[in-house]
Every structure is written in C-alpha cells, then in structure tokens.
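K.L.:
Only the shape, not the letters, is given here:
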C-alpha cells in the first residue's frame with residue numbers, strides 16, 4: 001500500500017497563497033487517483049481537488065475552481081495543491097487521499113488557517 005504524508009499547512013492572511021505537498025511512498029504502481037480533501041472545524045470532510053495518477057484528468061470543487069491548482073511531480077511521487085486568494089472559509093485540515101485497489105488511503109492531514 002501507499003503511505004501518504006502531507007506538509008505545507010500554516011497560518012496565512014486572507015488573500016495569501018500556500019502550496020501543500022503530499023509525499024507518496026511505498027507501493028504506488030496501482031494508484032488510480034490522488035485527491036485533496038479538507039475538513040473545516042465542525043463540518044464534514046469535502047473533496048477539494050482530484051487528479052488521476054497519470055495526470056490526464058483533474059477535478060475541482062466549484063468553490064476553489066480558479067484559485068486552487070493540483071499538480072504532480074512524477075519523479076518524486078509528490079502531489080501538490082497550490083492555493084491562491086485564500087479566504088477564511090478555506091480554513092481546514094487538508095488531507096491527501098489515494099484511491100488504490102478499490103480503497104481510499106488517507107494521510108494524517110496538514111492544517112491551514114486563514115485569518116481575515
């Protein structure tokens with residue numbers, strides 16, 4: 001199975017930018033998609049962005065489309081989430097998720113706090 005570790009979360013002011021990273025280690029040859037989810041305090045987890053492992057297809061949640069960009073460094077098995085024009089509504093713990101062999105495998109998450 002793949003193991004996932006997120007990094008890059010921190011406190012930032014509204015209007016700022018952050019880039020989150022997700023390092024995938026272990027078995028990566030049968031990953032279908034890589035996703036970013038987030039969970040805000042008191043709210044359910046929601047999908048933010050998704051990319052097929054090949055990078056051929058991407059998906060973005062409506063509220064982040066045009067502000068967030070998912071990308072992948074295949075050489076490093078690293079997934080990125082570039083987040084621009086952040087708002088306080090983006091405050092959440094962000095998780096990297098791999099769909100592998102029919103299972104969803106989650107990282108531990110990285111926290112993003114956006115202040116107004």
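P.N.:
Cool, the structure landed. These numbers come from a predicted model, not from an experiment.
K.L.:
C-alpha from now on. contacts and neighbour counts both.
P.N.:
Will do.
K.L.:
Excluding sequence neighbours, find me the nearest residue to the residue nearest the centre of the chain.
P.N.:
The residue lying closest to the centre of the chain (Cα atoms, centre = their mean) is residue 36, at 2.9 Å. Distances taken as Cα to Cα, 6 or more residues apart in numbering put residue 96 closest to residue 36, at 4.8 Å, once the chain neighbours are dropped.
K.L.:
Next: residue 51.
P.N.:
Of all residues not flanking residue 51 in the chain, residue 58 sits nearest, at 4.4 Å (Cα to Cα, 6+ apart).
K.L.:
Test my guess that that neighbour contacts residue 36.
P.N.:
No. Judged on Cα atoms under 8 Å, residue 58 makes no contact with residue 36 at a distance of 11.2 Å.
K.L.:
Enumerate every residue touching residue 20.
P.N.:
Residue 20 is in contact with 6-9, 80-83, counting by Cα atoms under 8 Å, 6 or more residues apart in numbering.
K.L.:
ok, now residue 112?
P.N.:
Per Cα under 8 Å, 6+ apart, neighbours of residue 112: 9-12, 90-94.
K.L.:
one more time with 10 Å
P.N.:
Applying Cα atoms under 10 Å, 6 or more residues apart in numbering to residue 112 gives the contacts 8-12, 18, 20, 38, 40, 86, 88, 90-94.
K.L.:
hey, what's in contact with both of residue 58 and residue 36?
P.N.:
49-51, 70.
K.L.:
Strands - which of these land there?
P.N.:
Among the shared contacts of residue 58 and residue 36, the members found in strands (DSSP state E) are 49-51, 70.
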